[in-house]
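A.B. asks: Fold the following.
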Amino acid sequence: MKRILVAYYSQSGQLKEIIDSLLQPIEGVVVDYLAIDTIEGFPFPWTDEAFFGAFPESFLQIAQPLQPFELPSDNYDLVILGYQVWYLSPSIPINSFLRSEAGRKLLRDKPVITISGTRNMWVMAQEKVKLLLANCGAHLVGNIALTDRHHNHISVITIVQWLFSGDKNRRYLGIFPKAGVSAKDIQGASVYGKLIAAHLLTGNYTGLQGEIVANGGVHYRRFLISAEKKANRLFGIWAKMIYGSKRRKLLLKCFHYYLYIAIWVLMPVVWLLYWLTYPLFFWKVERDKKKFTIDNLQLIIKEYGRYRI
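C.D. replies: Take a look at the predicted model:
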């Protein structure tokens, strides 16, 4: 009988709902769950101090000690890795797991499918996860990336309400949509489970990613990849400046204001410039779309090898 390991960190519970929906049509297999967490956990709902305080270590991918875990087996036919995105990077618990000796040993030579549920920016985090998986000796065979489909600035308002209240179903001011990945998309994740089941049966995952993309399993917005690349460079400057600084609290406060300005002032300007120049870069944009949704790890490493492992 085939055996699947589901290793995940779901702070709010949304990602666990997506994973449960994904697994629903996969029958006749043993599924083991590993809920990853650090010894010093992170609150939900967030507080201002905890949310912004997690930024430098999240972006710089500084590992923290993990809660110890035991599994009934270490021999799995497939690993499903569910992760949240924090500041364009995998969350601290997932990053810590992928850097740990136990995580590396568990994932070595295993086929892995990654799955995330985010507001809308996931590409840079996925590239970092790919490199970490490669460092573990794992084989990435698929990726599912579900997002909040609402307009960028609408989702900013709703996600903030959710993260700091803990109530995903509350409609802010009674007029804004519910935050996060929609119930329809969560329920629809079962489609990808059917695709995975067919490949799990044979042990051959060739073509799986193309099938996932064809069935809408990778939510990708062309403009946001441009914004992510720029933000990734700027976040790097801020994170290095804050981490280990004696003025950490002051600098985090400054970063808080910078983030507000970047979202509400700079992002609309970047959006306008992107679409004004879009015809000039059409083919590069289309190549990027293919590269970040379907193409293999080797192409990504060539461009993003500068990320620290």
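A.B. asks: Grab the nearest non-local neighbour of residue 165.
C.D. replies: With CB to CB, 6 or more residues apart in numbering as the criterion, residue 165 has its nearest non-adjacent residue at 5.7 Å, and that residue is residue 45. (C-beta placed from N, C-alpha, C; glycine too.)
A.B. asks: can you tell me the helix or strand for the one you found?
C.D. replies: Counting by DSSP states H and E, no helix or strand carries residue 45.
A.B. asks: show me what contacts it?
C.D. replies: Contacts for residue 45 were tallied using CB atoms under 8 Å, 6 or more residues apart in numbering; they are 162, 163, 164, 165, 166.
A.B. asks: which of those has the most neighbours?
C.D. replies: Most neighbours among these, by other CB atoms under 10 Å: residue 162, with 25 neighbours.
A.B. asks: mind checking how far stretch 216-230 is from the chain centre?
C.D. replies: The chain centroid and the centroid of stretch 216-230 are separated by 12 Å, computed with CA atoms, centre = their mean, to the nearest Å.
A.B. asks: pretty sure residue 100 is touching residue 66, no?
C.D. replies: Yes - counting by CB atoms under 8 Å, residue 100 touches residue 66, with 5.8 Å between them.
A.B. asks: Report the secondary structure element holding the spatially closest residue to residue 195 that is not a sequence neighbour.
C.D. replies: Using CB to CB, 6+ apart and skipping the chain neighbours, the partner closest in space to residue 195 is residue 211 (5.0 Å). Taking DSSP H and E as the definition, residue 211 sits inside helix 208-214.
A.B. asks: what's the pLDDT at residue 252?
C.D. replies: Note for residue 252: predicted pLDDT of 97.
A.B. asks: what's the distance between the strand or helix carrying it and the middle of its chain?
C.D. replies: According to DSSP H and E, residue 252 maps onto helix 248-261. In terms of CA atoms, centre = their mean, the centre of helix 248-261 is found 23 Å from the chain centre.
A.B. asks: tell me which residues of that helix are tucked away?
C.D. replies: Judged by neighbour count using 16 or more other CB atoms under 10 Å, the buried positions of helix 248-261 are 251, 252, 255, 259.
A.B. asks: quick one: average pLDDT of the helix holding residue 211?
C.D. replies: Average pLDDT, helix 208-214: 93.
A.B. asks: can you pull the alpha-carbon coordinates of that helix into PDB?
C.D. replies: Extracted in PDB, the C-alpha atoms of helix 208-214 (Å, rounded to 0.1, in the frame of the first residue of the first chain):
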ATOM      1  CA  LEU A 208       1.900  16.200 -13.400                       C
ATOM      2  CA  GLN A 209       2.800  19.900 -13.100                       C
ATOM      3  CA  GLY A 210       1.400  20.600 -16.600                       C
ATOM      4  CA  GLU A 211      -1.800  19.000 -15.600                       C
ATOM      5  CA  ILE A 212      -2.000  21.000 -12.400                       C
ATOM      6  CA  VAL A 213      -1.500  24.200 -14.300                       C
ATOM      7  CA  ALA A 214      -4.000  23.200 -17.000                       C
END
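A.B. asks: Nice, that's everything, thank you.
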